[in-house]
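Undergrad: predicted model, plus sequence, below.
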Amino acid sequence: MGAVQGANQGMDMLLRLIDATELRAKVLYANIANQNTPGYTRSDVKFEEHLRDAVRKGPSAVQTVEPEIALDTVSPSRPDGNNVTLELELNAMRENRLLYESYASILEGHFNLMRAAITEGR
Amino acid sequence: MSGIENLFSGMRTSASGLTAERTRIDVIAENIANARTTRTPEGGPYRRKVVMFEPVLRENMAGESTSFGVGVSRVVPDMESAFERVLDPGNPDAGPDGFVEYPNVNTVLEMADLITAMRAYEANLTAQENFVRMAERALELAR
C-alpha cells in the first residue's frame, strides 16, 4: 500500500467520524427543541460503538459501518412522558463539538502533510 | 433530502424550537395581561390559554421517523381550572348573586411557566451557536 492510499484510508475514516458527529449534533438540537413536548422520547446517534465492533470483525466490516439514530428508552421520563434533561443534552452537545473539532484538527494535519508533499521541491 | 438543502437543517431545528418557545412566551404574556379581564366577545371572563407542542417528524430512508424540530400543534383554552369567584355586588359584571367571575389565570403559575419557556429559548440559542461554531470550523479546513 502506497503512502497516498494509506493517507486516503485514514481520511475516509475521519470524514465518516465527522459525518457521524454532525448527525449527532442535529439529533441533539432536535432533543433540545423538544424539551417541553409532552410524550417526546429523546434520540441519540450510535456510531463509535458500532465502529469498535466492526474493527474487531475486520476491514470489510469497517467499510460498511453506518451511524444509527436510536431512541433512548433508558433515560427516565418526567410525569409528562418526556425524557429530555436539558443539562445532559447541552453537555452531550459540547462533548460532541469537542470531538468534531479534534477530528477536524486531525484532518487539517492530513491536508497540511499532503500540501507539504505536493509543494516540496518546488 | 441531500446536499446544500441538508446543510442548515440543524440550524432550522433550533429555529423551530425558538419559534415554539416564543409562541409560548406570547401566550403567557396574553394570559397575564388578561388576568383581570371580566368581559370577552365570547361572553364571560377571559379563559387562560395553553400551548401544545408536537415534534416535527421526518422519515429517513429506512422508513423510521425521527424528530427534526418542534412545532405548536394547538393553542387551546384551559377548560379544566375554575374561574375565581369574588363577592363584589357593586361591580357591573357581577351576577345576580353578587359574585364576579374572574379569569382562571394564576399569575404565579404563569410566571413559573414563563421562566421555563425563557430557559428553553436560551437553550435553543446555545444550540444554534454551537451549530455556527461547527460550521465555521469546517469552513476553516478549506482555507
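TA: Good, I have the coordinates.
Undergrad: for the longest strand anywhere in chain B, which strands pair with it and how are they oriented?
TA: Longest strand in chain B by number of residues, with DSSP state E as the criterion: strand B:65-77. As defined by DSSP bridges, the strand partners of strand B:65-77 come to strand B:49-59 (antiparallel).
Undergrad: what sits up against the partner strand?
TA: The contact list for strand B:49-59, computed with CB atoms under 8 Å, 6 or more residues apart in numbering or on different chains, reads A:30, A:34, A:36-38, A:40, B:16, B:20, B:23-24, B:27, B:30-31, B:65-78. (C-beta placed from N, C-alpha, C; glycine too.)
Undergrad: so which bits of the longest strand of chain B are buried?
TA: By 16 or more other CB atoms under 10 Å in any protein chain shown, the buried positions in strand B:65-77 come out as B:66, B:67, B:68, B:69, B:70, B:71, B:72.
Undergrad: ok, so of these, who is nearest residue A:92?
TA: The shortest approach to residue A:92 among the buried residues of strand B:65-77 belongs to residue B:67, at 15.5 Å (CB to CB).
Undergrad: contact partners for that closest one?
TA: Applying CB under 8 Å, 6+ apart to residue B:67 gives the contacts A:30, A:31, A:33, A:34, A:40, A:43, B:55, B:56, B:57, B:58.
Undergrad: which strand or helix spans the first one?
TA: Residue A:30 is located in helix A:3-33, with elements delineated by DSSP states H and E.
Undergrad: next SSE after that helix?
TA: Counting by DSSP H and E, the next helix or strand C-terminal to helix A:3-33 is strand A:43-46.
Undergrad: elements contacting that following strand?
TA: helix A:3-33, strand A:68-71 (3 or more CB pairs under 8 Å, 6 or more residues apart in numbering or on different chains; DSSP states H and E).
Undergrad: select, out of those, the one closest to chain B.
TA: helix A:3-33 (3.1 Å; CB to the nearest CB).
Undergrad: hmm, that closest one touching chain B?
TA: Yes - judged by CB under 8 Å from any CB of the partner chain, helix A:3-33 and chain B are in contact via A:18, A:22, A:25, A:26, A:27, A:28, A:29, A:30, A:31, A:32, A:33.
Undergrad: so for that helix, what gets flagged as buried?
TA: A:14, A:16-18, A:20-33.
Undergrad: then stretch A:82-92?
TA: Neighbour counts over stretch A:82-92 (16+ other CB under 10 Å) mark A:82, A:83, A:84, A:85, A:86, A:89, A:90, A:92 as buried.
Undergrad: intersect the residues you listed with the contacts of chain B.
TA: Among the buried residues of stretch A:82-92, the ones lying near chain B by CB under 8 Å from any CB are A:86, A:89, A:90.
Undergrad: any weak-confidence spans in chain A?
TA: Along chain A, the parts satisfying pLDDT under 70 run over A:1-7, A:121-122.
Undergrad: got TSV for the buried residues of stretch A:82-92, with secondary structure too?
TA: Below are the buried residues of stretch A:82-92 laid out as TSV (DSSP: H, G, I helix; E, B strand; the rest coil):
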residue	secondary structure
A:82	coil
A:83	coil
A:84	coil
A:85	coil
A:86	helix
A:89	helix
A:90	helix
A:92	helix
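Undergrad: is chain A contacted by stretch B:112-122?
TA: Yes - interface with chain A: stretch B:112-122 contributes B:116, B:117, B:119, B:120 (CB under 8 Å from any CB).
Undergrad: so which other helices or strands are in contact with the host helix or strand of residue B:23?
TA: Using DSSP H and E, residue B:23 sits in helix B:9-33. Judged by 3+ CB pairs under 8 Å, 6+ apart, helix B:9-33 is in contact with helix A:3-33, strand B:49-59, strand B:65-77, helix B:107-140.
Undergrad: buried ones in the second one?
TA: This points to strand B:49-59. B:49, B:50, B:51, B:53, B:54, B:55, B:56.
Undergrad: got the confidence number for residue B:117?
TA: With respect to pLDDT, residue B:117 scores 96.
Undergrad: that one: what's it in contact with?
TA: Taking CB under 8 Å, 6+ apart, we find residue B:117 in contact with A:36, B:21, B:24, B:25, B:28.
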